[in-house]
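> Give me the fold of what follows.
(one chain, ligands or ions: 2)
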Amino acid sequence: MQYDIIIIGTGAGGGTLLHTLKNSGKKILVLERGDFLPKEKANWDTIEVFQKDRYHNAEEFIDDQGKEFKPGMGYWVGGNTKVYGAALFRLREKDFESVQHAGGISPEWPLKYNDLESYYTKAEKLYNVHGKRGIDPTEPFMSEEYPFEPVNHEPVIQELHDNLKNRGFNPFYLPLGVKLNEKDRMNSECIRCDTCDGFPCLVHAKSDADINCVRPSLQNSNVTLITGAKVTRLITNATGNSIESIEVMLENQQHYFKGDIIVAACGAINSAVLFLKSANERHPHGLANKSGQVGRNFMKHQNAAILALSRKLNNTVFQKTLAVNDFYFGDDEFTYPMGHIQLLGKSNKDMLATDAPKFAPGFILDKMAEHSIDWWMTGEDLPDTSNRIEINRDHVQIFYKENNQQGFERMMKKWKNVLEDCGVCDHILDHKLYIGKKIPLAGVAHQCGTLRFGNDSDTSVLDINCKTHELDNLYVVDGSFFVSSGAVNPSLTIIANAIRIGEHLMERLK
Ligand SMILES: Cc1cc2nc3c(=O)[nH]c(=O)nc-3n(C[C@H](O)[C@H](O)[C@H](O)COP(=O)(O)OP(=O)(O)OC[C@H]3O[C@@H](n4cnc5c(N)ncnc54)[C@H](O)[C@@H]3O)c2cc1C
Ligand code: SF4
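Ligands and ions are numbered 1, 2, ... in the order given. Below is the predicted model of the structure:
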């Protein structure tokens, strides 16, 4: 059967694109290698989620030494948004420009913030984002207030907020995509629980690509979703300038589908893998790879989690409500960008146990969890052509060397001092909430950049509309198109861009 559009993958990019196109009347096929994530008690079980990695079902990858590791990512309808923290940020205006960092230059994007602004506004509406404008000094221009009021701080966090404010910082409400109604808690879908960041939402109140985009689209008879459908190859016509059919593994059998427009949205690692695996005579080094950039410039942010321990009890339930950008572009002492700081979900003893020495008794971990505030720090990593995705004997191989650490490490040091000065912390421990303290290679949650877009086909894979320079009907709408990674969480930019590309495709198919 011939489809008008085939979308591969249903995460932040693919799910959002589907939602944008669902009323186009076009015949749309969606191929997703994962299944619907089961709605089960284990969704909120820390041991299942953090210790047994229940929802990180991706295959093992190998590092530059050929050593296997399990990446912190999953294949589900909704992609990684099923377990994300739903912190939904816009990049800053300057992130689209060339910016000098201590470790090198963060390159300019072919589009500017103003080109994306209206799509960010649509994205915030589609994903029910709560927040408050005008507090964060690095905030870009925004044409409308957030669609929903900010998620309030609980008392310990409010006190921390006030302490930071008194010391001249500008803490602000973390923009969050949750269906929370604090004025009418009886009728609120979100219950403000302590198992959100890193967990699937048992009551479907987190704004993820599955619940907000895919399921509503399936009401339309022009949309067909096939789950458990892993796309293994994109096959071109004889001249190599368009995709003729798609090879899919479905219940251990090869199937082929045809579409006028093909959109890869497999996530930055797997879209690059698909392009590389689809090499043929016309595209000997991988599809659309004349520039040699397919799979290169892989970025994932520098990330760290820290646990600020204090004598004071922290009885916060939903902790992920505050963020600080005062070091984002540097400060008086260090004029280069340093990064972004936000609170993490509140840890408990079972999360800490994944990290703690084996002999650490449960009651100690319990006390640590009760007396700590948990932070997530992000720094920009710069695109480097040597940081890349390759295929090595059927394994996905990731080459990644950290760069631009100076600013990030300075920010970590500074923040520890700030917290000690605020009296909210007597000790700080590195805390491997997700997977590591300074999060190691397996922490690929913020993967981006492997098929970057640009005006020049010698240095980029995609054009300004995220169509491959070399093929007429092949697009990409996941995190691959990023030119630089900024230092805020990537999903809202992926979502906004997917809406933009969706509108472009509607025009093209008119
Ligand atoms: C624990 C955790 C917390 C996070 N917290 C945040 C946060 O607070 N804020 C934020 O902005 N971001 C957060 N992220 C990152 C966020 O989830 C990703 O940036 C986002 O999901 C990426 O969107 P994507 O469309 O590029 O890829 P994905 O969402 O990963 O979607 C890719 C989809 O493609 C499918 N697929 C892959 N290969 C194939 C194939 N060959 N055939 C068919 N289907 C395929 C996958 O199953 C998946 O459904 C977090 C991630 C994790 C893991
Ligand atoms: S805090 Fe709200 S959105 Fe998050 S898991 Fe709990 S109920 Fe779901």
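> can you map out the helices along the stretch 251-400 of the chain?
With DSSP state H, counting those that start in this stretch as the definition, the stretch 251-400 of the chain shows helices at residue ranges 268-277, 349-353, 362-370.
> what do you get for the stretch 401-510 of the chain?
Ranges of helices in the stretch 401-510 of the chain, per DSSP H, counting those that start in this stretch, are 405-422, 491-508.
> and stretch 486-501, what's its mean pLDDT?
Stretch 486-501 carries an average pLDDT of 98.
> Stretch 381-394 now?
Taken as a whole, stretch 381-394 carries a mean pLDDT of 96.
> wait, which of the helices of the stretch 401-510 of the chain is closest to ligand 1?
Taking C-beta to the nearest ligand atom as the criterion, helix 491-508 is the member of the helices of the stretch 401-510 of the chain that comes nearest to ligand 1, at 3.0 Å. For glycine as for every other residue, the C-beta is placed from the backbone atoms N, C-alpha and C.
> Pull the distance from the closest one to the chain's centre.
Counting by C-alpha atoms, centre = their mean, to the nearest Å, helix 491-508 is centred 16 Å from the centre of its parent chain.
> contacting residues around that helix?
Outside of helix 491-508, the residues that reach it under the criterion C-beta atoms under 8 Å, 6 or more residues apart in numbering are 5, 11-14, 16-17, 19-21, 24, 81, 84, 88-91, 116, 119-120, 122-124, 126-127, 129, 175, 261, 263, 265, 465-466, 475, 477-479, 481-482, 486.
> mind running it again at 6 Å?
Outside of helix 491-508, the residues within contact range by C-beta atoms under 6 Å, 6 or more residues apart in numbering are 12-13, 16-17, 20-21, 24, 88-91, 116, 119-120, 122-123, 465-466, 477, 479.
> One more: stretch 54-69?
42, 48, 70-75, 83, 395-399, 441-442.
> From residue 129, how far off is the residue of the stretch 401-510 of the chain found nearest ligand 2?
Ranking the residues of the stretch 401-510 of the chain by distance to ligand 2 (C-beta to the nearest ligand atom) places residue 491 first, at 14.8 Å. As for residue 491, its distance to residue 129 is 11 Å (criterion: C-beta to C-beta, to the nearest Å).
> Tell me how many other residues crowd the residue of the stretch 401-510 of the chain closest to ligand 2.
Neighbourhood size, residue 491 [other C-beta atoms under 10 Å]: 30.
> Residue 47 now?
Residue neighbour count, defined by other C-beta under 10 Å, stands at 13 for residue 47.
> Please apply the same query to residue 409.
The criterion is other C-beta under 10 Å. On that basis, residue 409 has 17 neighbouring residues.
> any idea how far residue 395 is from it?
32 Å.
> For PyMOL, what selects the buried ones among the contacts of helix 491-508?
Those of the contacts of helix 491-508 that meet the burial criterion (16 or more other C-beta atoms under 10 Å) are gathered into one PyMOL selection, given here:
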select buried, resi 12+13+16+17+20+21+24+88+89+90+91+116+119+120+122+123+466+477+479
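> how about the strands of the stretch 51-200 of the chain, start to end?
Remark: strands of the stretch 51-200 of the chain, listed N- to C-terminal, are 61-62, 68-69, 99-101, 104-106, 129-130, 172-173, 176-177; assignment by DSSP state E, counting those that start in this stretch.
> from the contacts of stretch 54-69, which single one is nearest ligand 2?
The shortest distance between ligand 2 and any of the contacts of stretch 54-69, using C-beta to the nearest ligand atom, involves residue 83 and amounts to 10.0 Å.
> so how many other residues sit close to the closest one?
By the criterion of other C-beta under 10 Å, residue 83 has 28 neighbours.
> How about residue 22?
By other C-beta under 10 Å, the residues close to residue 22 number 20.
> three-state assignment of residue 29?
Under DSSP: H, G, I helix; E, B strand; the rest coil, the three-state class of residue 29 is strand.
> so what's it closest to, chain neighbours aside?
residue 3 (4.3 Å; C-beta to C-beta, 6 or more residues apart in numbering).
> Could I get the contacting residues of that neighbour?
In this structure, residue 3 makes contact with 27, 29, 259, judged by C-beta under 6 Å, 6+ apart.
> one more time with 7 Å
Applying C-beta atoms under 7 Å, 6 or more residues apart in numbering, we find residue 3 in contact with 27-29, 257-259.
> quick one on the thing from earlier: relative to residue 283, which of the strands of the stretch 51-200 of the chain is closest?
Closest of the strands of the stretch 51-200 of the chain to residue 283 is strand 61-62, at 23.5 Å (criterion: C-beta to C-beta).
> Surely the residue nearest to residue 29 is within a strand?
Yes: the assignment for residue 3, made by three-state DSSP, places it in a strand.
> how much space is there between the closest residue to ligand 1 within the stretch 1-150 of the chain and residue 501?
Of all residues in the stretch 1-150 of the chain, residue 11 sits closest to ligand 1, with a separation of 2.0 Å (C-beta to the nearest ligand atom). As for residue 11, its distance to residue 501 is 14 Å (criterion: C-beta to C-beta).
> same thing with residue 281?
Residue 281 sits 29 Å away from residue 501, going by C-beta to C-beta.
> Who has more neighbours out of those two?
Counted by other C-beta under 10 Å, residue 281 and residue 501 do not tie: residue 501 has more neighbours, with 25 against 8.
> For residue 217, see how far away that one is.
For residue 501, the distance to residue 217 (C-beta to C-beta) stands at 16 Å.
> Please name the nearest non-neighbouring residue to residue 146.
Excluding its sequence neighbours, the residue lying closest to residue 146 (C-beta to C-beta, 6+ apart) is residue 131, at 4.0 Å.
> Let me see the contact set for that neighbour.
So, once contact is read as C-beta under 7 Å, 6+ apart, residue 131 ends up touching 146, 150, 173, 175.
> and if we set it to 10 Å?
Taking C-beta atoms under 10 Å, 6 or more residues apart in numbering, we find residue 131 in contact with 87-89, 124, 139, 142, 145-151, 172-177, 323.
> Take the strands of the stretch 51-200 of the chain and lay them out in CSV including distance to ligand 1.
Compiled in CSV, these are given as follows (distance: least, C-beta to the nearest ligand atom, whole Å):
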stretch, distance to ligand 1
strand 61-62, 13
strand 68-69, 15
strand 99-101, 20
strand 104-106, 18
strand 129-130, 11
strand 172-173, 14
strand 176-177, 8
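> To residue 275, which of the ones you listed lies closest?
Closest approach to residue 275 among those (C-beta to C-beta): strand 61-62, 16.6 Å.
> Of all residues in the stretch 301-450 of the chain, which one is closest to ligand 2?
For the stretch 301-450 of the chain, C-beta to the nearest ligand atom, closest residue to ligand 2: residue 318, 5.5 Å.
> gap between that residue and residue 308?
18 Å.
> and residue 188, how many neighbours does it have?
Neighbours of residue 188 using other C-beta under 10 Å come to 16.
> In contact with residue 123, which residues?
With contacts taken as C-beta under 10 Å, 6+ apart, residue 123 has the following neighbours: 12, 16, 88, 90, 116, 129, 177, 491-500.
> go on, residue 270?
8-9, 11, 33, 58, 73, 75, 79, 230-231, 264, 277, 389, 396, 447, 450, 478, 480.
> now swap in residue 322 and tell me
Residue 322 makes contact with 150-151, 153, 157-158, 160-161, 164, 171-174, 341-343, 373, 375 under the criterion C-beta under 10 Å, 6+ apart.
> now residue 408
When contacts are counted by C-beta under 10 Å, 6+ apart, residue 408 touches 101-103, 301-304, 327, 337-340, 377-381, 402, 438, 487.
> So which of the residues you listed sit within strands?
With DSSP state E as the criterion, strands contain 101, 302-304, 340, 377-379 from among the contacts of residue 408.
> Thanks a lot, see you next time.
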